[in-house]
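J.: quick one, structure for this:
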Amino acid sequence: MKKIAVINDLSGLGKCSLTAAIPVISAMGVQAVPLPTAVLSNQTGYASYFCDDYTLKMDAIMEEWEKRGFQPDGIYTGFLAGEAQAEKILSFFERFCGDDTLVLVDPVMGDQGKVYDIFSDGLCSQMRSLAKQAQVITPNLTEALLLLYGRSGMETHYKVLSGSQGNEYLGNIEELGQKLCQTFELDSAVITGIDQQEEGRPLRIGNLVSQREKASWFFAEKTGGSYSGTGDLFASILSAGLVKGVPMERCVEKAVEFLSKAIQDAVEEGTDRNDGVCFETYLHELWEIGK
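T.: All right, here's what the predicted structure looks like:
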């Protein structure tokens, strides 16, 4: 069985990070091997939370894995509490990456033109180092701009992009995707969560797949707002599918379909955004993509 090392936090409440990644990757017929970066009572979107930082414990876990000759087929990294954890992950890459190890980095730093509380210039610099070791990255628009231009540059470019519409807007994002691929020498850059409004049509949300000289868009009607863990679910489907040899376009297509159904159910049930989406209902559908 293929194995993916999943480096992320473990939050008790709010379906995200490891509690989202492990069931999805497992449902696709891949073993998820978690390396927790922190253990939290609940994800940080709630009004309060308890966090046990695992930065100083990560080396001990890696040492035990080395003793057992652990060789993952894939590595997927998500939320990091700071640049010190990014340094640990760079060490993980050195220890465990083989010639054929697929590395997917989700560079969690901000959204909607704003940075998260954990952001620092040092973390951004380390995220660039992680991206250079990856074959695939899955930033949202804000994170894509942070990787390329830093905080002040992101704010300037985000305003310019927000002023464009329609095909011009999508074309500008396609250029951004190509620049990510070239700058970080990636196989694919997937820019997620792009809102698109066309006259006379419902609001849609799109995901751009940039692969060197090729760009492909995948859209779904947008329902509800932003929910905890949807980015983690998306990246988990991609990492498991790619490790099993499924083409990128098929992985993204399935991820969009899966999330659309889960979000629709969350909207109908009136689920709080911090509690995450109702993805468990559709886990059985993920087995098909991994066959």
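
J.: contacts, neighbours, all on C-alpha from now
T.: Will do.

J.: please enumerate the strands of the stretch 51-200 of the chain.
T.: Counting by DSSP state E, counting those that start in this stretch, the segments of the stretch 51-200 of the chain that form strands are 51-53, 74-77, 102-105, 110-111, 114-115, 136-137, 188-196.

J.: mean confidence (pLDDT) on the first one, please.
T.: Translated: strand 51-53. What strand 51-53 shows for mean pLDDT is 92.

J.: ok, stretch 272-288 next?
T.: On average, the pLDDT along stretch 272-288 is 93.

J.: do you know how far the residue most central in space within the chain is from residue 137?
T.: Most central residue of the chain, judged by C-alpha distance to the mean C-alpha position with C-alpha atoms, centre = their mean, is residue 106 at 3.7 Å. For residue 106, the distance to residue 137 (C-alpha to C-alpha, to the nearest Å) stands at 6 Å.

J.: go on, residue 36?
T.: Using C-alpha to C-alpha, we find residue 36 at a distance of 20 Å from residue 137.

J.: what's the helix or strand of the chain with the lowest mean pLDDT packed up against?
T.: Comparing helices and strands within the chain by mean pLDDT, DSSP states H and E singles out helix 286-289 as the least confident, with a mean of 83. Packed against helix 286-289, as judged by 3 or more C-alpha pairs under 8 Å, 6 or more residues apart in numbering; DSSP states H and E, are the following elements: helix 17-27, helix 248-269.

J.: pretty sure residue 3 is touching residue 101, no?
T.: No - taking contact to mean C-alpha atoms under 8 Å, the distance of 10.1 Å between residue 3 and residue 101 leaves them out of contact.

J.: who touches both of the two?
T.: 72-74 (C-alpha atoms under 8 Å, 6 or more residues apart in numbering).

J.: same list, these, but as JSON lines with pLDDT please.
T.: Listed next are the shared contacts of residue 3 and residue 101 as JSON lines, based on pLDDT from 0 to 100:
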{"residue": "72", "pLDDT": "98"}
{"residue": "73", "pLDDT": "98"}
{"residue": "74", "pLDDT": "98"}
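
J.: out of those residues, flag the one nearest to residue 66.
T.: Taking C-alpha to C-alpha as the measure, residue 66 lies nearest residue 72 of those, at 11.2 Å.

J.: so which of residue 3 and residue 101 has more stuff around it?
T.: When neighbours are counted by other C-alpha atoms under 10 Å, residue 3 comes out ahead of the other of residue 3 and residue 101, with 21 against 18.

J.: mind listing what the closest residue in space to that one that isn't next to it in sequence touches?
T.: Taking C-alpha to C-alpha, 6 or more residues apart in numbering as the measure, residue 3 lies nearest to residue 31, with 4.6 Å between them; neighbours along the chain are not counted. Taking C-alpha under 8 Å, 6+ apart as the contact definition, residue 31 lies against 1-4, 25.

J.: most neighbours among the shared contacts of residue 3 and residue 101, which one?
T.: If you rank the shared contacts of residue 3 and residue 101 by neighbour count (other C-alpha under 10 Å), residue 74 sits at the top with 26 neighbours.

J.: what separation do you get for that residue and residue 65?
T.: From residue 74 across to residue 65, the span is 15 Å (C-alpha to C-alpha).

J.: with residue 110 instead?
T.: Separation of residue 110 from residue 65 (C-alpha to C-alpha) stands at 32 Å.

J.: more crowded one of those two?
T.: Neighbours of residue 110 and residue 65, each counted by other C-alpha under 10 Å, are more numerous for residue 110; the result is 20 against 14.

J.: report pLDDT for residue 291.
T.: 65.

J.: picking that back up, could you dump the shared contacts of residue 3 and residue 101 to TSV with distance to residue 265?
T.: Converted to TSV, the shared contacts of residue 3 and residue 101 look like this (distance: C-alpha to C-alpha, whole Å):
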residue	distance to residue 265
72	34
73	33
74	31
